[in-house]
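Undergrad: Below is the sequence, then the predicted model.
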Amino acid sequence: MTGAGSRDSLSTSRDECGREPFCLAAATSTSRFAPVEIAAAFPFYHKSRDRQTSNIMAFFTSEDLKISFNFFCTVYGIGTLGLPSNFARSGLTLAIIALLFMGFANICSCVAISRVMLAAPKTVKTYGDVGEWCCGSIGRYLVLFVQFGVCCLVPTAFLVLGGILLDGISPDAFDQQYWSIIMAAMLLPVILTPTLKEGAAAAFAGCVGTLLADAIALGVLVNGIGSDHPAVISPDFDFGQVASSFGNLALAYSAAVLVPALQREHSQPERMPRVVATTMAFTACLFLIIGVTAYSYVGCQIPGNLLFAIGGTALDLNANRGAVVLAYMFMQLHITIAMSVILNPVLYIAERGILGMHKRPVLSHVDEESPAFEVINTPSHPKDHGGPSVTSLADAEYDLSPDALVEEYHNSGPLVTAKYMALRIAIVVILLIIAIIFKDHFVDFTDFVGAWAVSMACIILPIFFYLKVFWNHTPWYEKAIGAFIIVVCAGLGGYVTYTTGKNLFLDIVSDKTFQYCPAGHDMVVYTNETFYGNN
């Protein structure tokens, strides 16, 4: 198919699909370059003419559900712990607006990267490949840089949180930093496993661990505060305080880097925009429930994050010790599984860059006039698909097959084996040192990671790649929406990176128990009638 033919198909398909923002590849389209609305993720946009094939008309097929479940399991993680603090910083109205905006931005970015994958040649398999196809070698190196940041700093946050949780489970046994060391040592055998991949059972266990930890923590909070209490305290408006919630929201929603690997697994990749949009919308609803529930009981008086609130004495909850320990253990289960898996792309990239392993296939540079935009027929029935049963962030930059990786590691020889094992241990030690340095700044550290690395990898770059590829084929309002999201996220990301970085590197710690509350309510929980009755 010629480039002109591709553009004609694109124009015709756009007229059929309507004029909604981020119109992406239609499930019934016959062109890889045909658009479909982001709103096509929702059932009321279906048309009767789409019902010719039952598998195509189905809102969600069984394969869609599997991919959606996998996507949700890898997204729902430690970012949920900071959601109540976002409401505490911003107040109910602004926090809801921020949460919904970030949800919309992440839905747009996920659907955008999915459409770019649909338009790309089949040799484009990983997120790094997408960057190179769109922007050349600079694009690949930029993607690798931000991915390296995400996959290094998030496990570091896990080590910090793990030290806090283990210290909370067994108080006074060891100091927090020693618990972080113990956790890293216990994970070393898993991290040294060269071809570790997250199985479906492990992904499910990690997700359930987070769900149970959140549910138990909210239950402890609601039961401890009770219903017989004064109105909650609202924070005073402070731009810096409100903006700081951007980092946690970016971390909580982080998802777009997973889309290329997930799309490789789907036998009908043209259905992926609907899958990722619906899954992200469902996740946003859960985030909203967590944030609103916590805020309605404690207002601005959230010390740190959700688990810190139930484990400390600041809120005077008189919490059941068993419930607190269970919540901590379930979250510890999640971070133990997630850390070893999320760290794998860092190890893979480091082995490629430092040791010269994992040579990747050379990508051909294909432009709009190339056969990359050939017409394809949408399959009426899912083809047999022998891909892995689950995809995680560990797959994000793997461009070699699992069998090829196993063969490479097994045939590398004792010298190379010793080198990659030493390299992996050195990386873990470096992350552990960073975790110990910032052990008293978990909230600032996660905000820092979310503000620069996650926002760049999961929001800014996917939408930028989308606009670059489809710039000549999108209406002005799509360009305006994409540019607006990029500008807002880049501005807030830069601001929060600066403010949280200052707190981290200058070791600035607030002396207030409730640092987001106005003076007079920043030291003692608002339910303490004795204190507030005498003042």
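TA: Nice, thanks for sending it over.
Undergrad: Next, find the distance separating G240 from G353.
TA: Counting by CB to CB, to the nearest Å, the gap from G240 to G353 is 37 Å. Every residue, glycine included, has its C-beta placed from N, CA and C.
Undergrad: Kindly report the same for S137.
TA: Counting by CB to CB, the gap from S137 to G353 is 14 Å.
Undergrad: go on, K512?
TA: Remark: distance between K512 and G353 (CB to CB) = 44 Å.
Undergrad: What of V75?
TA: The gap separating V75 from G353 is 28 Å, by CB to CB.
Undergrad: So those two - more neighbours on which side?
TA: V75 (23 against 12; other CB atoms under 10 Å).
Undergrad: now that one, nearest residue through space, not along the chain?
TA: A255 (4.8 Å; CB to CB, 6 or more residues apart in numbering).
Undergrad: unless I'm mixing things up, that neighbour is touching A277, no?
TA: No - using CB atoms under 8 Å as the test, A255 is too far from A277 to be in contact (10.9 Å).
Undergrad: and for the two, which residues touch both?
TA: C110 (CB atoms under 8 Å, 6 or more residues apart in numbering).
Undergrad: Who are the contact partners of V242?
TA: Counted by CB under 8 Å, 6+ apart, V242 has contacts R89, S90, L94, A98.
Undergrad: Skipping adjacent residues, who's closest to the third one in space?
TA: Yep, that's L94 we're talking about. According to CB to CB, 6+ apart, the nearest residue to L94 is V242 (5.7 Å).
Undergrad: mind checking how far the helix or strand harbouring the one you found is from the chain centre?
TA: V242 belongs to helix 239-243 when assigned by DSSP states H and E. In terms of CA atoms, centre = their mean, to the nearest Å, the centre of helix 239-243 is found 22 Å from the chain centre.
Undergrad: Now tell me what touches stretch 413-429 from outside.
TA: So stretch 413-429 is contacted by 152, 184, 187-188, 191-192, 194, 343, 346-347, 350-351, 354-355, 357, 409, 412 (CB under 8 Å, 6+ apart).
Undergrad: on that earlier part again, now the contacts of V242 as TSV including secondary structure and pLDDT?
TA: Below are the contacts of V242 laid out as TSV (DSSP: H, G, I helix; E, B strand; the rest coil; pLDDT from 0 to 100):
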residue	secondary structure	pLDDT
R89	helix	93
S90	helix	92
L94	helix	95
A98	helix	96
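Undergrad: where does this protein dip in pLDDT?
TA: Confidence mapping of the chain against pLDDT under 70 gives the ranges 1-57, 195-200, 360-402, 530, 533-535.
Undergrad: Nearest the middle, which residue of it would you pick?
TA: S254 (1.9 Å; CA atoms, centre = their mean).
Undergrad: Quick check: which element contains the closest residue to A435 other than its chain neighbours?
TA: Nearest non-adjacent residue to A435, counting by CB to CB, 6+ apart: L159, 3.7 Å away. L159 is part of helix 127-169 when elements are defined by DSSP H and E.
Undergrad: gap between the closest residue to A105 other than its chain neighbours and C152?
TA: In space, and not counting its chain neighbours, A105 is closest to I485: 4.9 Å by CB to CB, 6+ apart. Here I485 is placed at a distance of 26 Å from C152 (CB to CB).
Undergrad: swap in A250?
TA: A250 is 16 Å from C152, by CB to CB.
Undergrad: Which one of these two is surrounded by more residues?
TA: A250 (31 against 21).
Undergrad: now what about whichever strand or helix holds D444, what contacts it?
TA: Assigned by DSSP H and E, D444 falls within helix 442-449. By CB under 8 Å, 6+ apart, the surrounding residues in contact with helix 442-449 are 78-79, 82, 85, 149-150, 153-154, 156-157, 160-161, 164, 244, 246-248, 251, 304-305, 438, 496-497, 500-501, 503-504.
Undergrad: What subset of the contacts of stretch 413-429 is buried?
TA: When those are checked for burial by 16 or more other CB atoms under 10 Å, the buried set is 152, 184, 187, 191, 194, 343, 346-347, 350-351, 357, 409, 412.
Undergrad: Need the max-distance pair from these.
TA: A184 and S412 (24.8 Å; CB to CB).
Undergrad: The stretch 1-150 of the chain: helices as residue ranges?
TA: 3-17, 54-57, 62-75, 83-90, 92-119, 127-169 (DSSP state H, counting those that start in this stretch).
Undergrad: Out of these, which gets nearest to R321?
TA: Nearest to R321, of these and by CB to CB, is helix 127-169 at 10.2 Å.
Undergrad: what's around the residue nearest to V75, how many residues?
TA: A255, neighbours per other CB under 10 Å, totals 27.
Undergrad: any idea which helix or strand carries A422?
TA: helix 413-437.
Undergrad: Let me know the angle separating that helix from helix 127-169.
TA: Relative orientation of helix 413-437 versus helix 127-169 (axes from the mean of the first three to the mean of the last three CA atoms, to 10 degrees): 60 degrees.
Undergrad: and the angle for helix 413-437 with helix 442-449?
TA: Going by the same axes, to 10 degrees, helix 413-437 makes 120 degrees with helix 442-449.
Undergrad: which of the residues in helix 413-437 are buried?
TA: 416, 419-420, 423-424, 427-428, 431-432, 434-437.
Undergrad: Make TSV from those and add distance to F174 to it.
TA: Converted to TSV, those look like this (distance: CB to CB, whole Å):
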residue	distance to F174
V416	36
K419	33
Y420	31
L423	28
R424	25
I427	24
V428	19
L431	19
L432	15
I434	19
A435	15
I436	13
I437	18
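Undergrad: Among these, which one sits closest to G291?
TA: Using CB to CB, these come closest to G291 at A435, 26.7 Å.
Undergrad: and the helix holding L159, how far out from the chain's middle?
TA: For helix 127-169 - counting by CA atoms, centre = their mean - the centre lies 10 Å from the chain centre.
Undergrad: Which SSE is immediately downstream of it?
TA: helix 176-191.
Undergrad: Okay, angle between that following helix and helix 413-437 too, please.
TA: Using the same axes, to 10 degrees: helix 176-191 against helix 413-437 is 160 degrees.
Undergrad: Now the helix or strand that helix 176-191 is followed by: buried residues?
TA: Downstream of helix 176-191, the next assigned helix or strand under DSSP H and E is helix 200-225. By neighbour count on 16+ other CB under 10 Å, the buried set for helix 200-225 is 202-203, 205-207, 209-214, 216-222, 224-225.
Undergrad: counting contacts, what elements does helix 200-225 pack onto?
TA: On a contact count with 3 or more CB pairs under 8 Å, 6 or more residues apart in numbering; DSSP states H and E, helix 200-225 meets helix 62-75, helix 272-298, helix 306-311, helix 321-342.
Undergrad: Which of those sits closest to T474?
TA: Nearest of those to T474, taken as CB to CB: helix 272-298 at 14.8 Å.
Undergrad: I'd like to know which elements that closest one is packed against.
TA: helix 62-75, helix 83-90, helix 92-119, helix 200-225, helix 245-253, helix 259-265, helix 306-311.
Undergrad: Tabulate those in a markdown table, adding columns for distance to N318.
TA: Listed next are the helices and strands packed on helix 272-298 as a markdown table, based on distance: least, CB to CB, whole Å:
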| stretch | distance to N318 |
| --- | --- |
| helix 62-75 | 34 |
| helix 83-90 | 19 |
| helix 92-119 | 26 |
| helix 200-225 | 6 |
| helix 245-253 | 28 |
| helix 259-265 | 44 |
| helix 306-311 | 11 |
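Undergrad: Any idea which of these gets closest to M456?
TA: Here helix 245-253 is closest among those (CB to CB), at 9.1 Å.
Undergrad: Next, the angle from that closest one to helix 442-449.
TA: 80 degrees.
Undergrad: gap between helix 245-253 and the chain center?
TA: 9 Å.
Undergrad: picking that back up, and among the helices of the stretch 1-150 of the chain, the most buried is which?
TA: Across the helices of the stretch 1-150 of the chain, averaging neighbours per residue (mean count of other CB atoms under 10 Å) puts helix 83-90 on top, at a mean of 28.
Undergrad: And it, what does it pack against?
TA: Applying 3+ CB pairs under 8 Å, 6+ apart, one finds that helix 83-90 makes contact with helix 92-119, helix 239-243, helix 245-253, helix 272-298, helix 306-311.
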